[in-house]
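Asker: need a structure here:
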Amino acid sequence: MTIDKSGVGDMFDAIAWRYDFLNHFLTLGIDNLWRNKAVSLISAPKGSTFLDVATGTGDLAVTLVRKKSPTKVFGIDISAGMLSFGKKKMERLGLDKIVTLQQEDCEALSFNDNTFEAVTVGFGIRNFLHPEKGLSEMHRVLKNGGEAIILEFSRPKSKLLCKLFDAYFCYVLPLLGKLFSKHSSAYTYLPESVKEFPYGEKFAALMRDSGFSAVEFHTLTFGVATVYKGVKTP
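Answerer: Numbering: from 1, shown residues only. Okay, here's the model as predicted:
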């Protein structure tokens, strides 16, 4: 299923009110462990400035603040609805002075070249219409030596686990997602977008083609998710 940028924004606007609950509920809370693992790969020192692309309601931005003590985190997303809930979250957590959330096209960033020590994406890159454009933009706004950390769903290598994964993602998850979010197609789109995403070495190659070096990736929870890391070198 391919939808345009406005369609993606509208879909996430519609489920924003239930997004955080469903993320944690449908992954049994493991998504928090995945974010912690992703952030642990960042080697930037305290006091850095980070960009969280496709931030949604800002869960990964919160992890960045708690684990890496940055001076500033900018979180951007195409969905105004998600950002609205994210801003309330930052105020509730007392992080609104450190984390700034703003609406932007993730494939055409407004930031200057060589601005950030690290750029992150958590479960958002598969929603890009042109992921190579998004990766090139991330590379552009990173400082030399800066790191891109991308966390995304993938598929288990084990045939048995892959069948179980498909059964859950294609049948159970859409039913639960529809029940709790009241949206008819958002949680059907999720498994379809995961199936279409070029995970593993294919995505690592896409990062290299976008200018990143020292690209590595690590599978998490039997391959259900994968975290990728690339470095901008002079």
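
Asker: any weak-confidence spans in the protein?
Answerer: For the chain, the stretches with pLDDT under 70 are 1-26, 171, 173-174, 176-189.

Asker: what's the distance between L151 and N114?
Answerer: In this view, L151 and N114 are 24 Å apart by CB to CB, to the nearest Å. Yep, even glycine has a C-beta here, placed from its N, CA and C like the rest.

Asker: between these two, which is the more surrounded one?
Answerer: L151 (23 against 12; other CB atoms under 10 Å).

Asker: list the buried ones in the host helix or strand of that one?
Answerer: Using DSSP states H and E, L151 sits within strand 142-153. By 16 or more other CB atoms under 10 Å, the buried positions in strand 142-153 come out as 142-143, 146-153.

Asker: ranges for the helices of the protein?
Answerer: Per DSSP state H, the chain carries helices over the ranges 5-26, 30-40, 59-68, 80-93, 131-141, 159-167, 173-181, 186-196, 201-209.

Asker: count the neighbours of F222 for me.
Answerer: With other CB under 10 Å as criterion, F222 counts 13.

Asker: how about R140, nearest residue that isn't a chain neighbour?
Answerer: Leaving aside its sequence neighbours, R140 sits nearest to D113 (CB to CB, 6 or more residues apart in numbering; 5.5 Å).

Asker: likewise for I76?
Answerer: E104 (4.1 Å).

Asker: and that neighbour, what does it touch?
Answerer: E104 makes contacts with 76-78, 110, as judged by CB atoms under 8 Å, 6 or more residues apart in numbering.

Asker: list the buried residues in stretch 53-69.
Answerer: For stretch 53-69, by 16+ other CB under 10 Å, it's 53-65, 68.

Asker: can you check stretch 108-124 too?
Answerer: Under 16+ other CB under 10 Å, the buried positions of stretch 108-124 are 109, 111, 115-124.

Asker: alright, that wraps it up for me.
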